[in-house]
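Enquirer: Output the structure for:
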Amino acid sequence: MPLREGAGPSPASHGPTHGSSDPRTCLPGRGAGDMRPRGGGALGCCGLCSFCTCHGAAGDEIMHQDIVPLCAADIQDQLKKRFAYLSGGRGQDGSPVITFPDYPAFSEIPDKEFQNVMTYLTSIPSLQDAGIGFILVIDRRRDKWTSVKASVLRIAASFPANLQLVLVLRPTGFFQRTLSDIAFKFNVIMLSSVPDLHSYIDKSQLTEDLGGTLDYCHSRWLCQRMAIESFALMVKQTAQMLQSFGTELAETELPNDVQSTSSVLCAHTEKKDKAKEDLRLALKEGHSVLESLGELQAEGSEPGVNQDQLDNQATVQRLLAQLNETEAAFDEFWAKHQQKLEQCLQLRHFEQGFREVKAILDAVCQKVATFTDIGNSLAHVEHLLRDLASFEEKSGVAVERARALSLDGEQLIENKHYAVDSIRPKCQELRHLCDQFSAEIVRRRGLLSKSLELHRRLETSLKWCDEGIYLLASQPVDKCQSQDGAEAALQEIEKFLETSAENKIQELNTIYKEYESILNQDLMEHVRKVFQKQASMEEVFHRRQASLKKLAARQTRPVQPVAPRPEALAKSPCPSPGIRRGSENSSSEGGALRRGPYRRAKSEMSESRQGRGSAGEEEESLAILRRHVMSELLDTERAYVEELLCVLEGYAAEMDNPLMAHLLSTGLHNKKDVLFGNMEEIYHFHNRIFLRELENYTDCPELVGRCFLERMEDFQIYEKYCQNKPRSESLWRQCSDCPFFQECQRKLDHKLSLDSYLLKPVQRITKYQLLLKEMLKYSKNCEGAEDLQEALSSILGILKAVNDSMHLIAITGYDGNLGDLGKLLMQGSFSVWTDHKRGHTKVKELARFKPMQRHLFLHEKAVLFCKKREENGEGYEKAPSYSYKQSLNMAAVGITENVKGDAKKFEIWYNAREEVYIVQAPTPEIKAAWVNEIRKVLTSQLQACREASQHRALEQSQSLPLPAPTSTSPSRGNSRNLKKLEERKTDPLSLEGYVSSAPLPKAPEKGKGWSKTSHSLEAPEDDGGWSSAEEQINSSDAEEDGGLGLKKLVPGKYTVVADHEKGGPDALVVRSGDVVELVQQGDEGLW
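Expert: Predicted coordinates:
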């Protein structure tokens, strides 16, 4: 197999191979052990250079690609002509034998083909055998002499290798002819017979056609040569591929990120797998060729086996050995290369994790550094501790990740990673950050725990003070006037003072020193105020204690009863405690005034003065409590105003700041009014008006109710804010992660996000009623108690209206304008059954055992029935919506207050019971509230209607005069004078039977000034069901007739609304408020 670099005409340039594709593979000094490394790329030497360049001449031959040797496959057709063949025989000195068999068309063979075959055949034997020289056997026994001569001359001229001997089997009959006239450069022997040939070449080295025994098949020889050369070419290509791949791996630069490193490792692994597959295929091919050559002995001593066959087998074995060595070298190199790439990938993962964890740790360390607040109350500190614990829990994930990453780095170092110098500092930095974070958390928790301890002591002291003040306020003055009562009160006070050691702050300086680490100016001021309150309370207690001791130790002087003279009693009346305050102290005890009655009066005066002293102490205690509530009201109001201003300037104004525009998300554009509602209006009201007016009541807190009453209409702005709150909260949830809010919060140094401040107005409006309740509790006997009660009721009315309006805006499906229905008075959920009468046929729908669930809205002019639908979502978005079903005009509504069998049911009926709705409230209290409210609405409408009738009537002997009209809206918002006027009017609750209202849409019937009972199928006779639908109403027709039409009343119970004394001697005299039972009414209106 020609694996040398080309062929030429001389033996020097076209030496043959030694039975393989590369005869120089095993030249001395060029064995497999001679493997010298060569410089590589970024990953080092590929480790394959020894095979490719230093493994011997075979490697040089294989890797040189500029010279292309001849292969059997290239000249397959020329070799098949068999005009010359290499049988594998040898001469006596080992010279290779090339046989030229009898080939009639030898002269017609083109020179190129002849040259290729000669070159190929002479390149097959080893260099050692080829160096001895070739023996040519030319069989021309059947040829002509001229052809013999031409053949010999052609061979001599074109033979590319060294010739030792040419043996020619001459034609018969030409024995006398010689070649003396031909000058040859080599020895030519003419043989006349085959036996003569045997004297030169042994029979075993000759084929059968030359009388020998050598087994030779030309087609088989050609197939073997092609198989061997194909395998050799595969070995060459595999070697080149491995060298190229090794160079690529060695020159690959290590990537700097995880993705690139993973890609490189994946790509190299795929190429490695392909190279290994090519190696496997080459080895499989080599073993297949080796099996086809047969199991021949290396010595070649057995009969039938020639030297060329043995050389072919040895060549294949050598190539297989080279492949195995190459595979082993490649596997070793790949293991190192793969390890380095895997370490590089581990390093990139570690570096990426380090960057991420360090960024998170830096952020949490900065965050924990902002936890500087130590709290201003016990609840605040507890909230801060919960926030810190929550923050620590959330940050614990990052800390654990950092510690795990540090352990991973230590493991890389233990595994002798090549980048130890880069990994170790990062591990140390991660441990330092984790330890720093943990230490800061511990320090912050310590400070907050200290603050919690201090605030608990302050809260305990405040609670103790409050309990003491409540104790003083709860001791009845009248019982303290007796010795036993005074002793009992004194024991209570002394027992309470015994608890001071465990409840009060002992030394102010000790507190300052003990809690120096957390005390700031505000907290120190708070501690001082608590200490002052504690001292003030103790002072009041000591004064009360001294007073009670005097009362308990007082000796009752026996008084002898003496009957006074009338004139003495007339001259010396017993002074009233409220008139002669202390006048007896300055009077002389001598003279005529030292009489029994005077002494008794003096004793009573003394007791009265001491009683007034105890009452004064109680009033002083209540005054302290009122000032405390007022102080809290003012402090919280100022803080509230400041918070509103902070939100408006720090958030709302910044939305219009061009420098902040890039931080705003698109969803926030032109949405400031949605997010903040009318917060600016609320701020201006409190800052400019309400806060300043509150400050005017600092010295007289019991009168602060007047401030609320005067500004009650202004509090309506909260209803607008609360109605916008669902839209605001929905917008916040959509955009809460906007960088704009985070930047504003950072600038303001707020611990809480914006949504907490947007809730402040809602919290504030609910706070007022709590403060007013507290103030009213301590001001019941003061001048402003009535105003406080009215202010509390008004604030509660506003809260109710706000709550109702939040439900009202959730109504869907109502075509009209809800504002036309008047004010919303009540709303709530009920179970409703229906019992309707259509025409003369009564259709009972009570067969529906399962009631309808309806949400009712009671307005001044109508009651709405809606179906409640729960919505999914969070916050305000989870609030229900209400699908409108139907409405009833209050002008045609009546009620039955009690339904047999259930104290929670009542009836609402419409158009003279044409439609009846049985309503079941959740509780009897809710039912009573609704019945009373409906009764108020219908009563006020009834009174307005009857007042109009009075003005039109010229004389109305049968009717009863109505009380003065009241407002058509019994809800909140009335002025104080109007409320007092209503209190002087007839209480609507005394009009037991009245429930309905103004004229009905259809023509009204006429009747007397009595209300009638509605007898329901399920109502008892005394169930209190009433309606003013049949109430007397004067029409224009009645006025033209000069009289009033009478409507016949239905038998039942009625309540008198005005006195009636007119009539004959048989007439019934009734008074306002009387309940009468009507048995029958005659045609003339007589009862």
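Enquirer: quick one: buried residues of the one helix or strand residue 270 maps to?
Expert: Under the criterion of DSSP states H and E, residue 270 resides in helix 258-293. For helix 258-293, a neighbour-count test (16 or more other C-beta atoms under 10 Å) marks 258, 261-262, 264-265, 268, 272, 275, 279, 282-283, 285-286, 289-290, 293 as buried. All C-beta spots, glycine's among them, are computed from the backbone N, C-alpha and C.
Enquirer: worst-scoring helix or strand of this structure, pLDDT-wise?
Expert: Lowest on mean pLDDT, DSSP states H and E among the helices and strands of the chain sits helix 1036-1040, with a mean of 33.
Enquirer: which helices and strands sit right next to the helix holding residue 270?
Expert: helix 218-251, helix 307-369 (3 or more C-beta pairs under 8 Å, 6 or more residues apart in numbering; DSSP states H and E).
Enquirer: Tabulate those in CSV, adding columns for mean pLDDT.
Expert: Below are those laid out as CSV (pLDDT from 0 to 100):
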stretch, mean pLDDT
helix 218-251, 85
helix 307-369, 87
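Enquirer: Any chance of JSON lines for these, columns distance to residue 941 and mean neighbour count?
Expert: Compiled in JSON lines, those are given as follows (distance: least, C-beta to C-beta, whole Å; neighbours: other C-beta atoms under 10 Å):
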{"stretch": "helix 218-251", "distance to residue 941": "99", "mean neighbour count": "19"}
{"stretch": "helix 307-369", "distance to residue 941": "63", "mean neighbour count": "18"}
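Enquirer: Out of those, which is closest to residue 718?
Expert: Ranking those by proximity to residue 718 (C-beta to C-beta) places helix 307-369 first, at 35.2 Å.
Enquirer: and that closest one, how far out from the chain's middle?
Expert: 41 Å (C-alpha atoms, centre = their mean, to the nearest Å).
Enquirer: Can you say which of the helices and strands packed on helix 258-293 is nearest to residue 198?
Expert: Ranking the helices and strands packed on helix 258-293 by proximity to residue 198 (C-beta to C-beta) places helix 307-369 first, at 18.9 Å.
Enquirer: How about the helix or strand following the closest one, which residues are buried there?
Expert: The helix or strand immediately downstream of helix 307-369 is helix 378-414, counting by DSSP H and E. Residues of helix 378-414 classed as buried by neighbour count (16+ other C-beta under 10 Å): 378, 381, 384-385, 388, 391-392, 395, 398-399, 401-402, 405-406, 408-409, 412.
Enquirer: What of stretch 893-901?
Expert: 893, 894, 895, 896, 897, 898, 899.
Enquirer: And the residue nearest the centre of the protein?
Expert: For the chain, the residue nearest the mean C-alpha position is residue 737 (10.9 Å; C-alpha atoms, centre = their mean).
Enquirer: For the nearest residue to residue 342 once chain neighbours are set aside, give me its contacts.
Expert: With C-beta to C-beta, 6 or more residues apart in numbering as the criterion, residue 342 has its nearest non-adjacent residue at 6.9 Å, and that residue is residue 265. Going by C-beta atoms under 8 Å, 6 or more residues apart in numbering, residue 265 touches 338, 341, 342, 345.
Enquirer: returning to what we had before: now secondary structure and pLDDT too, for the buried residues of stretch 893-901, in TSV please.
Expert: Shown next, in TSV, are these (DSSP: H, G, I helix; E, B strand; the rest coil; pLDDT from 0 to 100):
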residue	secondary structure	pLDDT
893	strand	90
894	strand	90
895	strand	90
896	strand	91
897	coil	89
898	coil	89
899	strand	87
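Enquirer: can you redo those as CSV with distance to residue 79?
Expert: CSV is the format used below for the buried residues of stretch 893-901 (distance: C-beta to C-beta, whole Å):
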residue, distance to residue 79
893, 122
894, 126
895, 124
896, 126
897, 127
898, 127
899, 122
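Enquirer: pretty sure residue 426 is in a strand, no?
Expert: No - using DSSP: H, G, I helix; E, B strand; the rest coil, the assignment for residue 426 is helix, not a strand.
Enquirer: Just give me the longest strand of this protein.
Expert: The longest strand of the chain (DSSP state E) is strand 824-838.
Enquirer: ok, that one: who's next to it in the sheet?
Expert: Strands adjacent to strand 824-838 in the sheet, as given by DSSP bridges, are strand 841-844 (antiparallel), strand 852-859 (antiparallel), strand 915-920 (antiparallel).
Enquirer: quick one: that strand to chain centroid distance?
Expert: Distance of strand 824-838 from the chain centroid (C-alpha atoms, centre = their mean) equals 42 Å.
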